[in-house]
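> here are the coordinates; sequence isn't available:
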């Protein structure tokens, strides 16, 4: 059974940076597409970024493209989200999610295991 644990959230001023980490506990991490999602207060969960098992396929939402970078370390079962030039609209709970095995699909319905989330607050 997979367990996903996010860390690295916090409070930052606009223009600042944070790096989120997700520890994957389970088997075959290096065969799964992984993703980051977020949910702001009063809003639905939205896709932020996804990365295929070999890092060949990487996708971002338009709202974070050019500011956020997703990466993974298959040797340590970790996935990261580097967030730069943060804006107040980036305030949300950020979730790590496990996608499909050996398939680079990144629709929300393709992700079936979720962490508990880490809070990111961007405020002056």
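Structure's in. What do you need? Predicted model, so just to flag it, every value in this text is computed and none were measured.
> Quickly list what the residue most central in space within the chain is bridged to.
Centrality entry for the chain: nearest residue to the mean C-alpha point is residue 36, 2.2 Å, by Cα atoms, centre = their mean. Bridge pairing for residue 36 (DSSP bridges) gives the partners residue 49, residue 96.
> wouldn't it be in contact with residue 81 here?
Yes. Judged on Cβ atoms under 8 Å, residue 36 makes contact with residue 81 at a distance of 4.8 Å. C-beta coordinates here come from the backbone N, C-alpha and C atoms, glycine included.
> Touching both of these two, which residues are there?
Residues touching both residue 36 and residue 81 by Cβ atoms under 8 Å, 6 or more residues apart in numbering: 20, 22, 48, 49, 70, 94.
> Could you point out which of the residues you listed is nearest to residue 76?
Nearest to residue 76 among those, counting by Cβ to Cβ, is residue 22 at 11.1 Å.
> thought that closest one was touching residue 73?
No. Between residue 22 and residue 73 there is no contact under Cβ under 8 Å: 10.5 Å.
> who's more crowded, these two?
When neighbours are counted by other Cβ atoms under 10 Å, residue 22 and residue 73 differ, and residue 22 comes out ahead with 25 against 13.
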